[in-house]
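S.K.: Show me the folded form of this:
(2 chains)
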Amino acid sequence: MEVLKLIGVLIVILGFALKRDTIATVVVAGLVTGLVAGMTPMEILEVLGNSFITQRTATLFVLTLPVIGICERYGLKEKAVDFIGGIKGATTGKILSIYQAIRAAAAAFSVRLGGHPQFVRPLINPMAQAASEAKYGAVDEKTVDMIKGASAASENFGNFFAQNVFMGASGTLLIVSTLVEQGYAEVTALNIAMWSIPVAVISVLLGIVKNHLLDRKLAVTLGGKKEA
Amino acid sequence: METNVLIGEIFYTIIGIIFIICGIFALNDKELKTRIPTAIFWFLLAFTFIVGPHIPRWITGACILIIAAITALNQVRQPGNLDIPKPEFSRASANKIGNKIFIPAIALAVVAVGVAYILVALKLSTNHAIGISAAIALGIGFLITKAPAKYAYKDGARLMINVGPVGILPQLLAALGALFTAAGVGTVIANAVASVIPEGSRFVGVAIYCIGMALFTIIMGNGFAAFSVITVGIGIPFVIMQGGNPVIVGALGLTAGYCGTLLTPMAANFNIMPAALLETKDKYAIIKSQAPFALVLLVIHIFLMYFLAF
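M.R.: Numbers count the residues shown, from 1 in each chain, chains lettered A, B, ... in the order given. Okay, the predicted model is just below:
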């Protein structure tokens, strides 16, 4: 029964979907797959141990933690807040586009900004909301929700699509170790980082388009109401 | 030992030492109920990094089973004795140091690229660039902050403990990919897909790989997990083996998965938790805002991979 071998994939899906412990889910999926495929327990331990050791590449990001930790202790995030807080007089969409671009650049340079709790809630969302209020006066509840959603979205866009531009990002290292393990030795952290640039740039441009459309939508819903 | 391997082992040993420090933090926290299992978790991990390559491989395999058992029982907790920086201290320091505080972080990324080119010229692995640039950036960091030396290991271990066991997930998933390959899982998925799609169509292969990455990420809420399964099952047989450049396919494959992350409530810490944090009326407000962007970007991925990889 060839199809039985897919049980490991099923275990991974269920384990992640049901929020089981991720490490244990992955290990159990590996064990069960090996057993179903007729490997002996000793063979499974050999393969697991061997690939875990060759895949240590994926954990190289740990080497960057001391310097990042020290910079955070000495005010890296506070300075980033100052920098972003200095954006004034822009529309809601422009504020979000600028934030996304800064967030993307920071991710590409391995600066781990705090994300939703440290930036979006205390800084970006209030700035985006204030820009609409300044322009259109009172904003209805539904539009407030829409701006909140867009604020959080700009954080996710900037974070996700630019992080692999940094050679030491764990996503970059995962791609390298997976493909090298499969026999593609030409894949290195350097060239994965370089080929991650196109999507990083496109994601920022796409964010600008999205935020421009948001501004137009705000002008129609809020600006229109004012006249009526 | 060959120079390349030797340099690599030095960096893995340093990582192992950071894990040992994490374990010592746990051991020293008498308040922590799970201090023994937490310490064992970090020490075993350090053992696999430092000693693992020099002993029979099954021993590392067995260590991983114990590590998984410890995390499954939720025994790895954060000790309370970490030297967490005080907000007032960081604020005052930010005012004093100013924008120069960004220099070490920028150096970390820029130096890595420069060093990587030098390593290529020396015919050494570019993986070393991460460790070398981290060391240089750390030196710059000390010059700029004038921080006491102890913070190198204290803050390194502090961030590692914050990341926690999930930090080894990418490594473990890559190992799972290897096991899947050894067991022939990739072949089963590949055969199933092959029965549906027209043979030799590069564009269809690319489209199925990108959409498969996004779909699996939507189901699992995790692009990393999807990457090891879908790349082995679809990406390699239907895109790379058709002549696709593995570097471009790999780089775009993972971010195609991230398009799925934007669409799924399973990725709770990006899409649901922040909605609660922002007190939105609609708990899917973030996903709704992201959906059109995610779909457009996924289509862009398909065309980009098709035109760049071949």
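S.K.: Spatially central residue for the chain, please.
M.R.: Assuming you mean chain A. Residue closest to the average C-alpha location in chain A (C-alpha atoms, centre = their mean): A:Phe160, at 2.8 Å.
S.K.: which non-adjacent residue is nearest that one?
M.R.: B:Tyr258 (4.4 Å; C-beta to C-beta, 6 or more residues apart in numbering or on different chains). Where you see a C-beta, it was placed from the backbone N, CA and C, and this is true even at glycine.
S.K.: what helix or strand does B:Glu88 sit in?
M.R.: Assigned by DSSP states H and E, B:Glu88 belongs to helix B:87-97.
S.K.: Would you mind pulling up the elements that that helix packs against?
M.R.: Applying 3 or more C-beta pairs under 8 Å, 6 or more residues apart in numbering or on different chains; DSSP states H and E, we find helix B:87-97 packed against helix A:65-73, helix A:76-85, helix B:128-145.
S.K.: is the second one up against chain B anywhere?
M.R.: By that I understand helix A:76-85. Yes: looking at helix A:76-85 against chain B by C-beta under 8 Å from any C-beta of the partner chain, the contacts come from A:76-79, A:82-83.
S.K.: Any of those buried? List them.
M.R.: Taking 16 or more other C-beta atoms under 10 Å in any protein chain shown as the criterion, what is buried in the residues of helix A:76-85 next to chain B is A:76-79.
S.K.: can you map out the helices along the stretch 101-250 of chain B?
M.R.: B:102-121, B:128-145, B:150-163, B:169-183, B:185-194, B:202-220, B:223-230, B:246-261 (DSSP state H, counting those that start in this stretch).
S.K.: meant to ask about chain A
M.R.: Remark: helices assigned in chain A by DSSP state H are A:7-17, A:22-36, A:41-54, A:65-73, A:76-85, A:92-108, A:125-136, A:141-162, A:170-181, A:189-195, A:197-218, A:224-227.
S.K.: Quickly, which of the ones you listed bottoms out on average pLDDT?
M.R.: Per-stretch mean pLDDT for the helices of chain A is lowest at helix A:224-227 (a mean of 52).
S.K.: which residue lies farthest from the center of chain B?
M.R.: Distance-from-mean max, chain B, by C-alpha atoms, centre = their mean: B:Pro198 at 34.6 Å.
S.K.: Which positions in stretch B:22-34 come out as buried?
M.R.: Those would be B:22-27, B:29, B:32, B:34, for stretch B:22-34 by 16+ other C-beta under 10 Å.
S.K.: Point out where the stretch 1-150 of chain B drops to low pLDDT.
M.R.: Scanning the stretch 1-150 of chain B for pLDDT under 70 picks out the ranges B:1.
S.K.: list the contacts for the residue nearest the centre of chain B?
M.R.: The centre of chain B sits closest to B:Pro170, judged by C-alpha atoms, centre = their mean, with a distance of 4.8 Å. With contact set as C-beta atoms under 8 Å, 6 or more residues apart in numbering or on different chains, B:Pro170 has these partners: A:58-59, A:170-171, A:173-174, A:177, B:224.
S.K.: again, only using 7 Å
M.R.: By C-beta atoms under 7 Å, 6 or more residues apart in numbering or on different chains, the residues touching B:Pro170 are A:58, A:170, A:173-174, B:224.
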